[in-house]
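Peer 1: Build me a model from this:
(chains A and B)
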Amino acid sequence: MNLKVLVASIIIVGALIFGASTFIESNIEYMDFAKAQSVNKKVQVKGKWVKEKESQFDAAKAQFTFYMVDDNDQEVKVVLDGAKPNNFEMATEVVAKGRFKDGYFHANELLTKCPSKYEGNGEAVKKTL
Amino acid sequence: MFGAAIIKIAFAASILSTILYFIVHKNSSEQVKRFARLFYELAVAGVVTASVMMIYFILNHQFQYYYVWNYSSTDLPLPLLVSTFYAGQEGSFMLWALYTGIIGLVLLRYTSKRGYEAEFMAVFSAIFSFLILMLVVKNPFKPIWEQFSSELLHVGEIPSTVTNFIWVDQARSLWAQIPTEGKGLNALLQNYWMVIHPQILFSGFTSMSIPFAYAVSAMLKKDYVSWIKVATPWSVFGAMMLGTGIILGGYWAYETLGWGGYWGWDPVENSSLVPWLVCLASIHTMLAQRKNGTYIKTNFVLSMFCFILVLYSTFLTRSGVLGETSVHSFVDPGMWVYWLLLFVIALFSALGFGLLFSRWKEMPVVPVEHSLVSREFALFLGASSLVFAAIFIVIGTSSPIITNILKGKISAVDPSFYVTTTLPLGIAIALLSGIGQLLWWQNSKTDALLKQLLLPVILSAALTVITFFMGAIHPMMIIFIFASSFALFTNVIMGIKIVQGNPRMAGGSLAHIGIAIMFLGFVASAKYDDVKTVNLEQGKQVEALGYKMTYVGYQPLERGRFGFNVEVEKNGQKFVVTPVMFKEGDEGSLIRNPDIINLITKDFYVSPLSLEVPEGNEVTIFKGKTETYEGMDIKYLDYTFTQTKEQGNYLVMDIEVTKDGKKEIIHPTMSNKGGQPVYKEALLSNTGISFEIKSMNPSKNDDEAKVTLTINGVNNSSASHASKKETLVVEASVKPYINLVWIGTVALIGGFLITIVRRIKEVSKK
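Peer 2: Modelled structure (predicted):
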């Protein structure tokens, strides 16, 4: 009986410590570009796509390059591993996950938020009259 | 209006039914019970009527209803049109309520025969009430003019040009113009999986409320032992439905959404996985209680958590609390839904756990009398591993909330968190599901166990060595492969013995075989896949990952889609894949669907990235510099940029063109009033040559400031431009042994089915 309780508690404590440390390690913090530049780790930055500026897909490297402005209006070139995401044009906000590298933000994941599609707005209803 | 009224009546009826059933629990009056039943049936009838109305409105394109307008359109094929029923928040709650109501009618009969009706239905009808309450708060029959009053509501004469209108209040000559077309279904959902996946998933959510209702009603009845027998078939049923729903979702993501994999540890996926894991754990501890009476409290806790976690998941994914951290886009449903969901979680937790604590001392304590080497202990460890996996996934998924409370800043965990934490648990689960089959209840003889272990260990070691030479060389993967093979072989060996004895008992073995095969499929297809980006110039054969690919051209498909045909050749066998890309919506977002060659030992997965059209007639010029193109000198002088409310962003370029000694300054423009920029070309006088901005960088730094112009109308003499062909860029990948994942799923579901039949027969025999 005692042996079982011992085994069980060792397993539980071990699992909790393991879980907590992994949690802290793999947390990706939100920050702006200024702060992201100063830390050398994977972070995520929220902002908007600068549509006026060039954006292009480099087929040879399979990278998509565009400019993004964060909530503090800092503009940064972002290079994404992969193609332009679905819904990119519709996105009101984008979140880039990655890290700074040689003056640009190297993203390996890009999330897009597209509320306009899902939430009916006045412009949309006029088009369907 | 009528629909909203019916929902309110249904809500009142189900609340009444809850109260009356509770009175029956107190005084066992047969008369009151008849009324309680009647009100429950009335509530179900209300929800069914509301659902039928909704389907009718959708099929007849009644766009005066905001929901119908928001999610459907006239061009959808029938099955997809029907599926818009649950494309939004309100409709998916209605589907959930509908299934809960209907399955409640079955449960009413089932529990009534087993003396559980009053208590069970009191709880179940309370759950049903909560779901209808969501529809009272977020009315699916909201008229569209309530959403867009300034655009659609008018007072006075109706102009003769308006044909589609409804009188809102004729006495005050108030009328509303009604759209003639709907906004349509999100292109990513326009797929046959949309027709079945949500239905099965919501049946799964519905079934998770059954263990909860049983646990609470058992405590009300102070029956701490025999409820397990009545509840087990339903817990297994819930596990089967939810499991099927989860896997179908994964297959949908893999096959059409082009995420590259079937699982992405996204909050939406996690939130259905967590209750499922807890339900699986409860099935195992229930089994232990049936055998020797232990784990009484554990079974109450786990059964209740099945449903509480479904509620918590609903809160996480529907309330907007996760913010920007999920790939799935959720509309912020408003504070009402947020607080209501929190209130409901608190209410049902308080009900369940309050009752548990008040009964805590009454519950019989069965001393645990088994040794470390017993089936009970293996079940306990297995259930614990499942619960720990669920806890880790809940913590990871809740990370935005946790970090917000602890640090005041939102952050999500990297998907690697889930892999790191669940992999050791997966290994433990695999080993235990093998050992558990070899162990006896109470106590096993160690030497007998060792003898039985010999064959499966040898077989697993052999398989692990084979996979090592096939390339599975990572230490953790070697352990995982060994553990999964061990689970596979022990369960196959035991399964054969069981089938020779009594095939009806083979459910457990079959389900474990399924899990083991799935685990092996996970390792092979997710850890040892090969991915490569390939540029396919039209008509030119390119070899990648051992496959010869030739892009031959594209053709239009239905609903504005384009199929891109790629011929694939491998070892003399020829295939054609047709991945799909299309622009969706006014703003022209690119949507991509992959195509797959399904071979026995692997999938060849082709995901389109983009189509590069030749760009011969373009010139890129830095600011202040001159470029030469077909005898013309083109100089980028400057640009002016204005921003006004009416016009939005407006950009005018000053370009100096020198042709045949004549200088002229032209002004191509770009305007952008929300959405996609609009470009306007500028013509060079008396030539027919036009210049249009393709892209530009308006940087203040002259080294970066540049513009790319598209030049048309020049009599192009050089052949080099014409000979360039379009290029299809794809991501090609090989997913080895992915079929194992699907085969394992089928075995798992089969195992559940056999178990349900066996357990139902047991309860029916009495």
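Peer 1: dump the residue contacts of the residue of the stretch 151-300 of chain B found nearest chain A.
Peer 2: Using C-beta to the nearest C-beta, residue B:179 is the residue of the stretch 151-300 of chain B that sits closest to chain A, at 3.9 Å. For glycine as for every other residue, the C-beta is placed from the backbone atoms N, C-alpha and C. Contact analysis of residue B:179 by C-beta atoms under 8 Å, 6 or more residues apart in numbering or on different chains lists A:125, A:128-129, B:63, B:69, B:144, B:164.
Peer 1: List only those of those residues flagged as buried.
Peer 2: A:125, A:128, B:63, B:69, B:144 (16 or more other C-beta atoms under 10 Å in any protein chain shown).
Peer 1: Surely the second one and residue B:180 touch.
Peer 2: When you say that, I think you mean residue A:128. Yes - Residue A:128 is within contact range of residue B:180, at 6.7 Å (criterion: C-beta atoms under 8 Å).
Peer 1: Mind listing the shared neighbours of the two?
Peer 2: With C-beta under 8 Å, 6+ apart as the test, residue A:128 and residue B:180 both reach residue B:63.
Peer 1: How many neighbouring residues does residue B:565 have?
Peer 2: 16 (other C-beta atoms under 10 Å in any protein chain shown).
Peer 1: ok, for it, nearest residue in space, not its chain neighbours?
Peer 2: Nearest residue to residue B:565, sequence neighbours excluded (C-beta to C-beta, 6 or more residues apart in numbering or on different chains): residue B:552, at 4.9 Å.
Peer 1: Which secondary structure state is assigned to that neighbour?
Peer 2: strand (DSSP: H, G, I helix; E, B strand; the rest coil).
Peer 1: what pLDDT does it get?
Peer 2: Per-residue pLDDT puts residue B:552 at 89.
Peer 1: which residues touch stretch B:687-705?
Peer 2: Under C-beta under 8 Å, 6+ apart, the answer for stretch B:687-705 is A:52-56, A:67, B:618, B:622-624, B:632, B:634, B:639, B:641, B:651, B:653, B:655, B:657, B:659, B:666, B:668-670, B:679-684, B:706-714.
Peer 1: Just the ones of the residues you listed in strands?
Peer 2: The strands, defined by DSSP state E, take in A:56, A:67, B:618, B:622, B:632, B:634, B:639, B:641, B:651, B:653, B:655, B:657, B:659, B:666, B:669-670, B:679-680, B:682-684, B:706-712 from those.
Peer 1: Now name the helix or strand holding residue B:286.
Peer 2: Element membership of residue B:286 [criterion: DSSP states H and E] is helix B:267-292.
Peer 1: In chain A, what helix or strand scores lowest on average pLDDT?
Peer 2: Least confident helix or strand of chain A, by mean pLDDT, DSSP states H and E, is helix A:115-118 with a mean of 44.
Peer 1: now chain B, which segments are flagged as low pLDDT?
Peer 2: Applying pLDDT under 70 to chain B picks out residues B:258-260, B:323-334, B:368-370, B:442-444, B:585-589, B:614-616, B:646-647, B:673-677, B:714-725, B:765-766.
Peer 1: Residues in a beta bridge with residue B:605, which ones?
Peer 2: residue B:596, residue B:733 (DSSP bridges).
Peer 1: didn't it look like it was pressed against residue B:730?
Peer 2: No - counting by C-beta under 8 Å, residue B:605 does not reach residue B:730; the two are 9.8 Å apart.
Peer 1: quick one: which of those two has more around it?
Peer 2: Taking neighbours as other C-beta under 10 Å, residue B:605 and residue B:730 compare with residue B:730 leading, 30 against 27.
Peer 1: before we move on, what SS does that one have?
Peer 2: Taking three-state DSSP, the label given to residue B:730 is strand.
Peer 1: any chance you could map the strands in the stretch 51-200 of chain B?
Peer 2: Counting by DSSP state E, counting those that start in this stretch, the stretch 51-200 of chain B has strands at residues B:153-155, B:165-169, B:174-177.
Peer 1: Show me where the stretch 501-650 of chain B has its helices.
Peer 2: Counting by DSSP state H, counting those that start in this stretch, the stretch 501-650 of chain B has helices at residues B:507-522.
Peer 1: what's the neighbour count on the residue nearest to residue B:565?
Peer 2: 14.
Peer 1: is the lengthiest helix in chain A anywhere near chain B?
Peer 2: The longest helix of chain A (DSSP state H) is helix A:2-25. Yes - taking C-beta under 8 Å from any C-beta of the partner chain as the criterion, helix A:2-25 and chain B are in contact, through A:3-4, A:7-8, A:11-12, A:15, A:18-19, A:22-23, A:25.
Peer 1: Give me the contacts around that helix.
Peer 2: Taking C-beta under 8 Å, 6+ apart as the rule, helix A:2-25 contacts B:368, B:372, B:377, B:381, B:384, B:388, B:391-392, B:395-396, B:399, B:413, B:417, B:420-421, B:424.
Peer 1: Tell me the one of those residues nearest chain A?
Peer 2: Nearest member of the contacts of helix A:2-25 to chain A, counting by C-beta to the nearest C-beta, is residue B:417, at 3.8 Å.
Peer 1: can you pull the contacts of the closest one?
Peer 2: Residue B:417 sits next to A:22-23, A:25-26, B:392, B:396 when contact means C-beta under 8 Å, 6+ apart.
Peer 1: next one: residue B:64
Peer 2: Counting by C-beta under 8 Å, 6+ apart, residue B:64 has contacts B:143-145, B:166, B:176, B:178.
Peer 1: What is the longest helix of chain B by residue count?
Peer 2: Every helix in chain B considered (DSSP H), the longest is helix B:30-59.
Peer 1: Which other helices and strands does that one contact?
Peer 2: helix B:2-27, helix B:66-71, helix B:78-83, helix B:89-113, helix B:117-137 (3 or more C-beta pairs under 8 Å, 6 or more residues apart in numbering or on different chains; DSSP states H and E).
Peer 1: Which of the three states applies to residue B:702?
Peer 2: Assigned with three-state DSSP, residue B:702 falls in the coil class.
Peer 1: What is the burial count for it?
Peer 2: Residues within reach of residue B:702, counting by other C-beta under 10 Å, total 11.
Peer 1: For it, give me phi and psi.
Peer 2: phi -60, psi -20 (degrees, to the nearest 10).
Peer 1: distance of it from residue B:655?
Peer 2: 16 Å (C-beta to C-beta, to the nearest Å).
Peer 1: Equivalent analysis for residue B:468, please.
Peer 2: With C-beta to C-beta as the criterion, residue B:468 and residue B:655 are 64 Å apart.
Peer 1: Then residue B:661?
Peer 2: In terms of C-beta to C-beta, residue B:661 sits 17 Å off from residue B:655.
Peer 1: Could you check which of the two is surrounded by more residues?
Peer 2: Neighbours were counted for residue B:661 and for residue B:655 using other C-beta under 10 Å; residue B:655 has more, 22 against 5.
Peer 1: who are the neighbours in contact with the nearest residue to the more buried one once chain neighbours are set aside?
Peer 2: Using C-beta to C-beta, 6+ apart and skipping the chain neighbours, the partner closest in space to residue B:655 is residue B:666 (5.3 Å). Counting by C-beta under 8 Å, 6+ apart, residue B:666 touches B:655, B:657, B:682-684, B:691.
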